[in-house]
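*Asks:* kindly return the folded structure for what I paste below:
(4 chains)
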Number of protein chains: 2
Amino acid sequence: MPSGDDRAAVQEAIRGAILRGDYAPRQRLIEAELCERFGSSRFEIRNALQDLASHGLVEFQPNRGARVREITFAEVIEITEVRRMLEGFEAARAAERVTKAEAAALKQITRDMRAAVSRSELLRYSDLNKQLHGAIRDIAAHETSARLLRQLRDQTVRHQFSLSLVPGRPSVSLPQHEAIVEAVVAKDPSAAEAAMHAHLQSVIEAFRALSAAVAQP
Amino acid sequence: MPSGDDRAAVQEAIRGAILRGDYAPRQRLIEAELCERFGSSRFEIRNALQDLASHGLVEFQPNRGARVREITFAEVIEITEVRRMLEGFEAARAAERVTKAEAAALKQITRDMRAAVSRSELLRYSDLNKQLHGAIRDIAAHETSARLLRQLRDQTVRHQFSLSLVPGRPSVSLPQHEAIVEAVVAKDPSAAEAAMHAHLQSVIEAFRALSAAVAQP
DNA sequence: GTCAGCAATAATGTTAACAACCTGCCGGGG
DNA sequence: CCCCGGCAGGTTGTTAACATTATTGCTGAC
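*Replies:* Residues are numbered from 1 along each chain as shown, chains lettered A, B, ... in the order given. Presented below is the predicted three-dimensional model:
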């Protein structure tokens, strides 16, 4: 008995299952199995899979159906390089448009971040990280870049998670986040862009290090 | 009797028809009609339309099917702002990686451009413009940004076309293109990025002017 | 023991028919 | 004269069956 808006609900459920790791990269997603698991028809499953494919989370092989797309470290680095450009742009734009209320909210997030780091609350810090980047995106109010960034985000979630577990990583990124907020609040676009660039450059280098560490265990 | 790779062929045909203007923005794309025109089944048409929707060329309304997505001037400007960032990044990267053969090819394109401008061959210039941006994209060899830029390109084709008809526009952009190539060939990443930024900034301003001119006829 | 060929199975790609939905028109009532 | 309800046509959304393609496991010969 499917309720009205299963179209989006099923897609969200499958996405959640993939991001949660229920399905591993390169694992085939068999339509009949998904039908049973999510209580939907094959038609809905196919639609959901095609949408997920357009977001880059799964890929189709001719006559072999859908499977979870494997994202290599090289690709994560590429994605982060693009994020560096687009989020840098958003930070500059946010610095031009930020209101007093928004500035206060940004500063509150960095205060919470600092508290989370001092208490070693990794999950909390990771969540605040998402909040901060999201807040800047909202202030920038740039539909097109927001859409593209959202497309890229899902593909790196698994790796972002592993990055946040690197010991000492939060203490490195915390001052970078603070510098970004400082520049945005000061309404200094080029400083905001530079701070965001520096932050994501450091993320890129962390990924490179992680990649090398995994390649030679 | 559909040949093997109609899947992509039909999609390409519909895309072409839209870009050529056979279907106007906001016009509904009736599946049965497309079936007859392109000699395909409704299934293939639906697949093609969904792919086109994921590229942003058409949009779906619930229970009302697909229609050509209307792209406003505001959106074209947003898209060009993103292009400015990504193509600037690609230009910098191209400057780091360019080989001698590639440099020669780039310079040849600018020579052809200059010739096309002096002969007022607008269409030829527009084509060379695409070639130049494409060559830089190939030299940069950055899958992720190339994918996103391709996604954005289609959406602005119609407006790009109208921009290339603005009198005097080629003589403005020609030196900008030459500056980009010069910096790339000189293997100067930051100059290449700056030159690309300046070029696309000028495109943005041309769009703004065009938008204002259309708004108040 | 191993490998090629083959048949059975499983999964996807496709088709055609059906159901749900929006739209525009017509007629009746206020 | 205008507004409202419902009916008819057309269009999309969905379902179930069918065709096609990969995969797997077996058989038999070498």
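*Asks:* tell me the pLDDT of residue A:141.
*Replies:* pLDDT for residue A:141: 98.
*Asks:* and it, how many neighbours?
*Replies:* By other C-beta atoms under 10 Å in any protein chain shown, 11 other residues sit near residue A:141. Backbone N, C-alpha and C define where each C-beta goes, glycine included.
*Asks:* contacting residues for it?
*Replies:* By C-beta atoms under 8 Å, 6 or more residues apart in numbering or on different chains, the contact set of residue A:141 is A:93, A:97.
*Asks:* got the phi and psi for it?
*Replies:* Main-chain torsions, residue A:141, degrees, to the nearest 10: phi 50, psi 50.
*Asks:* and residue A:142, by the same measure?
*Replies:* Dihedral angles (degrees, to the nearest 10) for residue A:142: phi -120, psi 100.
*Asks:* if I read this right, it contacts residue A:92, doesn't it?
*Replies:* No - the criterion here is C-beta atoms under 8 Å, and residue A:142 misses it with residue A:92 at 10.5 Å.
*Asks:* ok, now which ones touch residue A:81?
*Replies:* Under the criterion of C-beta under 8 Å, 6+ apart, the neighbours of residue A:81 are A:204, B:89, B:142, B:144-145.
*Asks:* also residue A:199?
*Replies:* Contacts of residue A:199 by C-beta under 8 Å, 6+ apart are A:173, A:176-177, A:179-180.
*Asks:* would you turn those residues into JSON lines with secondary structure?
*Replies:* Below are the contacts of residue A:199 laid out as JSON lines (DSSP: H, G, I helix; E, B strand; the rest coil):
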{"residue": "A:173", "secondary structure": "helix"}
{"residue": "A:176", "secondary structure": "helix"}
{"residue": "A:177", "secondary structure": "helix"}
{"residue": "A:179", "secondary structure": "helix"}
{"residue": "A:180", "secondary structure": "helix"}
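*Asks:* of all the residues you listed, which comes closest to chain B?
*Replies:* Chain B lies nearest to residue A:180 out of the contacts of residue A:199, by C-beta to the nearest C-beta, at 16.9 Å.
*Asks:* burial check on the closest one, number of neighbours?
*Replies:* 29.
*Asks:* now the spatially most central residue of chain A, what are its backbone angles?
*Replies:* Geometric centre of chain A, nearest residue: residue A:153, 3.1 Å, by C-alpha atoms, centre = their mean. Note on residue A:153: backbone dihedrals following degrees, to the nearest 10 are phi -60, psi -50.
*Asks:* kindly report the same for residue A:169.
*Replies:* According to degrees, to the nearest 10, residue A:169 has phi -60, psi -50.
*Asks:* got it, and residue A:61?
*Replies:* With angles defined as degrees, to the nearest 10, residue A:61 sits at phi -110, psi 140.
*Asks:* SS state for the closest residue to residue A:70 other than its chain neighbours?
*Replies:* Computed as C-beta to C-beta, 6 or more residues apart in numbering or on different chains, the closest residue to residue A:70 that is not its neighbour in sequence is residue A:25, at 3.8 Å. At residue A:25 the chain is in coil, as set by three-state DSSP.
*Asks:* quick check: mean pLDDT of the longest helix belonging to chain A?
*Replies:* Determined from DSSP state H, the single longest helix within chain A is helix A:189-215. Helix A:189-215 carries an average pLDDT of 94.
*Asks:* and that helix, what's buried?
*Replies:* Going by neighbour count (16 or more other C-beta atoms under 10 Å in any protein chain shown), the buried part of helix A:189-215 is A:189, A:191-197, A:199-200, A:203-204, A:206-207, A:210.
*Asks:* can you check stretch A:99-111 too?
*Replies:* A:102-103, A:105-106, A:109-110.
*Asks:* now do stretch A:119-134
*Replies:* A:121, A:125-126, A:128-129, A:131-133.
*Asks:* all strands of chain A, in order?
*Replies:* Using DSSP state E, the strands of chain A run over A:28-29, A:58-61, A:65-68.
*Asks:* deepest-packed of these, please.
*Replies:* Among these, strand A:65-68 has the highest mean neighbour count (mean count of other C-beta atoms under 10 Å in any protein chain shown), at a mean of 19.
*Asks:* and that one, what does it pack against?
*Replies:* strand A:28-29, helix A:42-54, strand A:58-61 (3 or more C-beta pairs under 8 Å, 6 or more residues apart in numbering or on different chains; DSSP states H and E).
*Asks:* get me the contact residues on chain A for DNA strand C.
*Replies:* Along chain A, the residues adjacent to DNA strand C under the rule C-beta under 7 Å from any atom of the strand are A:28-33, A:60, A:62-66.
*Asks:* now for those: which two are most distant?
*Replies:* A:33 and A:62 (20.2 Å; C-beta to C-beta).
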